[in-house]
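**Student:** Structure, please.
(2 chains)
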Amino acid sequence: MWRVIAMSEYTEIEKKWQNRWEKDRVFEADPDPTKPKFFLTVPYPYPNGALHIGHGRTYTVGDVIARYKRMQGFNVLYPIASHITGTPILGIVQRVKDKDEIALEQYRRDLRLYLDTEEEVEAQLQEFVDPWKTVNFFADAISMDFKALGYSIDWRRKFTTGDPIYTQFITWQYQKLNDLGYIQRGAHPLLFCPNCGNPVGEDDLLEGEYAKIKDFNAMKYGFEDGYLVAASLRPETTFGITNMWIHPTATYVWAKVNGEKWVVAEAAVEKLKLQAKEVEVIRSFPGSEIIGKRCRTIHHDREILILPAEFVDVTNATGVVYSVPGHAPWDYIALRDLWDSPSELEKYGISAEEVRNIDIILMIEVEGQGDFMTKDVVERLDVKSQKDVEKLEEATQEVYKVEFYEGTMKENCGQFAGRKVSDVKDDVIAWLREKNRADVFYEPDQRPVICKCGTDVQIAVLEGQWFLDYEGPGWKDRAWDALNSMRIVPELFRSLFESTFNWLAQRPCARKRGIGTPLPFDPEWIIEALSDSTIYMAFYTIAHHITSNELDPEQLTVEFFDYVYLGVGDEKKVSNDTGIDRKLLKTMREEFLHWYPNDQRHTAPSHISNHLSFAIFHHAAIFPKEHWIQCISLNEHVNLEGRKMSKSKGNVIPLVEIPQRYGADVYRTYAISAAEPASLMDFRERDVPSVRNRLRQFVDITGKYSSYEPRAYKGKDSPSPITKWVLSKVNSIIDFATGNMETFKLREYATQVTSEMIRVINQYMRRSEVPEDEHNHTMAYICEKWVRLMAPMTPHLSEESWLNLGGEGLVSFAPWPEADTDLIDPDIEMAQEVVSSTVRDIREIIKLLKDKTPNKAHVYVAPEWMYSAMHMIRKADVPLMVGEIMKLLMSQDEFKKHGKQIKSIVDRIAKENGLWEHSKSAEDEFTVLKDSAEHMSSELGLEVVVHSFENPDYDPQNKARFALPGRVSLYLE
RNA sequence: GCGGAGGUUGCCAAGCCAGGUCAAAGGCGUAGGGUUCAGAUCCCUAUCACGUAGGUGUUCGCGAGUUCGAAUCUCGCCCUCCGCACCA
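**Tutor:** A predicted model of the protein is given here:
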């Protein structure tokens, strides 16, 4: 006898199977020549705190794939490790040492999830002054979480990126990259705190945490015996220059910059120094001193006036602005202000006449805009003066957007005339550089940016920075080759890879602090966290051999990895040189060859622009083509109750709580069924019970029929129509669910095997006309398939049900069900559709009849010739227009005699805008309805009589003539 | 700014690529009925509006267009979300 399993028992079932899997080491995957292999990876977690349900989504999807592939007969390797490179772990250590109360409280919250008493929490917290104890604690915690969620991981292969053996591996990798010439050294700009003397990352900032670096063009205009250096984001507008702007009361300097004499704002001096310029201040002076003097344009070396402007911000870039009144609202307004109040000019010894004579130069034209767009916009927005900051910003944005994207350089732009502004910008910069008239000046793209120490953050150019040159010889081509031959699911993410590949250039790969591997050729630098995690999937293939044989890190030489990963070198010599047993070496080489390539890498799309692209590049650089990653699959992040999860806001559900709060299988089902991988999932606690209910029904139903022999009634068993129907449906579901798995439509898979399956089963179970034996054996047949369909998603409950059903071995390794196509019959499925639509129609009429309650429903099936007519239209593929269809049908004698009714069918088709589904023949439709009459009667609570059109023995209101294929006519009395 | 995704009936969310069978799947919520000692679960039914015969009307961000026909294709506009390099 079956029984309802109480919720508390779920936890026990889950524990029981987890223990069994672990005890029997069933997911420890070793090379097996009898099976095809499948090597699946997900990124290793970062153990600096407890993981939450969001992380769980990715690992769960990975596990579902792993389990599905296993049932498909693959030898599946699904490993995991811990990533500890970089600064976050050290950050914890530092904050614990500093007794930072806010941070401590957050760590306590995480610790309480795993420890029972406050004493234990405090004791553990004190241990966190040691980075390794921190790492080990959370790495173990995460392992326990993963086990409690039923992940089918091979734990023997775990490691951390701080392990000496891993460090040896990364050393080898960077040696290889260096040999290839892909590592370079040079200057690179980054956010920098002058007070701390360090580069600053997001975590180090008090304000402006999303600031990026913006490059201004420092443009050198000839002035006296040096240059007046103006900063601009639109260097192409230098052809429209009319004058120069200087702030009259701010302090400027003459300074020697890399050997040249420059005039810039005093405030720019320190920035230039930070940006790796040699700066020596010659003298300071107030801006007013040079106002009224002249400097020279770059493109035609003509003299232009230096004028005063209050809007100049000397704290931004060089503090010198060149004026393009034709295309810059600020400049236009400033010039207009001077025209309007020439008295301002006198104190600088400039005549009003001189300023009035400045001709505004228009050098960009935009089709569909007036000649002087800047003026139009300024007037439309009604900008009154330089003080109208907001309106001027708006005008600047608008003019820039239109001119940059739609504008063309006019004939006064020298060699750039006639080209589109958006195309020409880079060329103008190159031209200026070549003439030694432009340099870069970096600024943050927003202000303020404040370091945690309270200092204003600047941009520094650090010399001697190491980077990976993704534009190195041949590298990108190989990477494109890899991407183009790789499967990306969902495919829509491919374009993100493509744009990343396009902009990927030089990327710093080492920094001076944090945990990690020292650069082999410059050990002061530590390889940073994203750069040491690109080909580590290869490390899984041998990690367990290294640890179980207790190899010394010293033994893992470049020669060793060359042999194991690249097959380079002689086994005997490598063995002699490293002291590693020959047989072991061979085993490792073979195991690598067995598992590689990585068949599928699964993670979140936010990794595309960095980690995943790097992984593709580094594989392309180091490994031969047959060892490149085969497929990347992605799933989006998780929101909680409509909001982004954030530890500081406190709205997170930790992974560790899932098994107790919901149950592992419930969570797994939720994570698969709430959203397709490509879309953001919203975890709403309110929806959890409905998932749990579906699983309970799964357990109840499979439990109820576990003692019957599965059997598919067919042919000479003469099953009832509804049994044929349910067998067809169930096999369709198998087909569909398998297809969904293959195409990574996991939500659709989940819907099929839970909701759709339950609905079908419920419909079947309500049919009392099925003989008991037939019903029980059919249900057993369904359950036996169903348990396996569910197994990747609900492994624990499926193991339990599988055991009850008497299945062979573990369901985790049972063969994935295949659809019995002989049992799939669309006509039978369609026929049942007609039955339910008939029931729906009768219900609707009953509702409309209101007070008059009918007790008998007469159902009339359409005549056979109508079915032939419908088939004919379908086959003919004529345009669905009244005339065309009429012509087609009336050409047949068979239909001519029904002219009037043909017209009404055709009208109907026109009105419906197409054909509709119906049974194959009148005979079929009649039989099915007749067989279901009893069922319909009990559903509707009235007697149902089915008549065929050919022989309607009772039709008082002459309704039969309205019947159409698939749409019976009704008469209720 | 650059690149990408998206706006669907109370909420969540399919459909859109391959236009017609779409008043538009499924879930949640709500209402009615059944099961139940009761409650929960579970099952059935309904859930845009109107309608005493299966019908009609108005919907898929807004506005145009293509088409016999548009949630689906094209163009423009508005809005939301995500990534953007030293951050793991």
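
**Student:** ok, the residue of the stretch 401-550 of chain A found nearest RNA strand B - how many residues close by?
**Tutor:** Of all residues in the stretch 401-550 of chain A, the one sitting closest to RNA strand B is residue A:508 (2.3 Å; Cβ to the nearest atom of the strand). (C-beta placed from N, C-alpha, C; glycine too.) Using other Cβ atoms under 10 Å, residue A:508 has 17 neighbouring residues.

**Student:** which residue sits closest to residue A:88, ignoring its sequence neighbours?
**Tutor:** residue A:48 (4.6 Å; Cβ to Cβ, 6 or more residues apart in numbering).

**Student:** Enumerate every residue touching that neighbour.
**Tutor:** Going by Cβ atoms under 8 Å, 6 or more residues apart in numbering, residue A:48 touches A:84, A:88-89, A:91-92, A:134, A:138.

**Student:** Which of the three states applies to residue A:935?
**Tutor:** Put simply, residue A:935 is helix when judged by DSSP: H, G, I helix; E, B strand; the rest coil.

**Student:** now for the contacts of residue A:48, which pair is the farthest apart?
**Tutor:** In terms of Cβ to Cβ, these reach their longest pairwise distance at A:91 and A:138, which sit 13.4 Å apart.

**Student:** who has more neighbours, those two?
**Tutor:** Set side by side, residue A:91 and residue A:138 show more neighbours around residue A:138, with 26 against 17, by other Cβ under 10 Å.

**Student:** number of nearby residues for the closest residue to that one other than its chain neighbours?
**Tutor:** Leaving aside its sequence neighbours, residue A:138 sits nearest to residue A:47 (Cβ to Cβ, 6+ apart; 3.5 Å). Neighbour count for residue A:47, taken as other Cβ under 10 Å: 23.

**Student:** next one: residue A:503
**Tutor:** Around residue A:503 there are 8 residues (other Cβ under 10 Å).

**Student:** which ones are touching whatever residue of the stretch 51-200 of chain A ends up closest to RNA strand B?
**Tutor:** Of all residues in the stretch 51-200 of chain A, residue A:86 sits closest to RNA strand B, at 2.8 Å by Cβ to the nearest atom of the strand. Residues in contact with residue A:86 (Cβ under 8 Å, 6+ apart) are A:514-516, A:528-529.

**Student:** need the residues of the stretch 601-750 of chain A near RNA strand B, please.
**Tutor:** Taking Cβ under 7 Å from any atom of the strand as the contact definition, the stretch 601-750 of chain A meets RNA strand B at A:605-611, A:644, A:674-676, A:679-680, A:682, A:684, A:686-687, A:689-690, A:693-694, A:696-697, A:747-748.

**Student:** related to what we said a few turns ago, who wins on neighbours among the contacts of residue A:48?
**Tutor:** Counting neighbours by other Cβ under 10 Å, residue A:84 leads these with 28 neighbours.

**Student:** For it, grab phi and psi.
**Tutor:** Main-chain dihedrals, residue A:84, degrees, to the nearest 10: phi -130, psi 10.

**Student:** Report pLDDT for it.
**Tutor:** pLDDT, residue A:84: 92.

**Student:** Next: residue A:777.
**Tutor:** Residue A:777 is assigned a pLDDT of 92 by the prediction.

**Student:** quick check, it in a helix?
**Tutor:** Yes. Residue state for residue A:777 (three-state DSSP) corresponds to a helix.

**Student:** got the contact list for it?
**Tutor:** By Cβ under 8 Å, 6+ apart, the contact list for residue A:777 reads A:708-711, A:713.

**Student:** Filter these down to the buried ones, PyMOL style.
**Tutor:** Applying 16 or more other Cβ atoms under 10 Å to those leaves a buried subset, and the PyMOL line that selects it is:
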select buried, chain A and resi 708+710+713
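
**Student:** Helices of the stretch 751-900 of chain A, start to end?
**Tutor:** With DSSP state H, counting those that start in this stretch as the criterion, the stretch 751-900 of chain A has helices at A:757-765, A:772-790, A:795-805, A:826-849, A:864-876, A:882-890, A:893-896, A:899-912.

**Student:** Okay, buried residues for the first one please.
**Tutor:** Same thing as helix A:757-765. By 16+ other Cβ under 10 Å, the buried positions in helix A:757-765 come out as A:757-758, A:760-761, A:763-764.

**Student:** Could I get the average pLDDT for it?
**Tutor:** In the prediction, helix A:757-765 has an average pLDDT of 85.

**Student:** And the contacts of it?
**Tutor:** So helix A:757-765 is contacted by A:694, A:697-698, A:701, A:722-723, A:725-726, A:729-730, A:733, A:770, A:775, A:778-779, A:782, A:786, A:789 (Cβ under 8 Å, 6+ apart).

**Student:** Could you export that helix as PDB, CA atoms only?
**Tutor:** Output of helix A:757-765 as PDB, limited to C-alpha atoms (Å, rounded to 0.1, in the frame of the first residue of the first chain):
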ATOM      1  CA  MET A 757       3.100  14.800 -17.000                       C
ATOM      2  CA  ILE A 758       0.900  15.300 -13.900                       C
ATOM      3  CA  ARG A 759      -1.900  16.800 -16.000                       C
ATOM      4  CA  VAL A 760      -1.900  14.000 -18.400                       C
ATOM      5  CA  ILE A 761      -1.800  11.400 -15.600                       C
ATOM      6  CA  ASN A 762      -4.600  13.100 -13.800                       C
ATOM      7  CA  GLN A 763      -6.800  13.100 -16.800                       C
ATOM      8  CA  TYR A 764      -6.100   9.400 -17.300                       C
ATOM      9  CA  MET A 765      -6.700   8.500 -13.700                       C
END
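
**Student:** Mind pulling the model confidence for residue A:883?
**Tutor:** According to the prediction, residue A:883 has pLDDT 69.

**Student:** Quick check: residues of the stretch 301-450 of chain A near RNA strand B?
**Tutor:** By Cβ under 7 Å from any atom of the strand, the residues of the stretch 301-450 of chain A that approach RNA strand B are A:401, A:405.

**Student:** which stretches of the stretch 301-450 of chain A form helices?
**Tutor:** A:329-340, A:343-346, A:352-356, A:373-380, A:389-406, A:421-434.

**Student:** and the last one, average pLDDT?
**Tutor:** Predicted confidence along helix A:421-434 averages 84 (mean pLDDT).

**Student:** before we move on, what about the fifth one?
**Tutor:** Looking at helix A:389-406 alone, the average pLDDT works out to 75.

**Student:** Output the contacting helices and strands for it.
**Tutor:** helix A:329-340, strand A:364-366, helix A:373-380, helix A:421-434 (3 or more Cβ pairs under 8 Å, 6 or more residues apart in numbering; DSSP states H and E).

**Student:** What residues of it count as buried?
**Tutor:** For helix A:389-406, burial by neighbour count (16+ other Cβ under 10 Å) applies to A:391-392, A:395-396, A:398-400, A:402-404, A:406.

**Student:** Between helix A:329-340 and that helix, find me the angle.
**Tutor:** Computed with axes from the mean of the first three to the mean of the last three Cα atoms, to 10 degrees, the direction of helix A:389-406 lies at 120 degrees from that of helix A:329-340.

**Student:** hmm, who's touching helix A:389-406?
**Tutor:** Residues outside helix A:389-406 that contact it (Cβ under 8 Å, 6+ apart): A:234, A:327-330, A:333, A:364, A:366-369, A:373-374, A:377-378, A:381-383, A:386, A:421-422, A:425.
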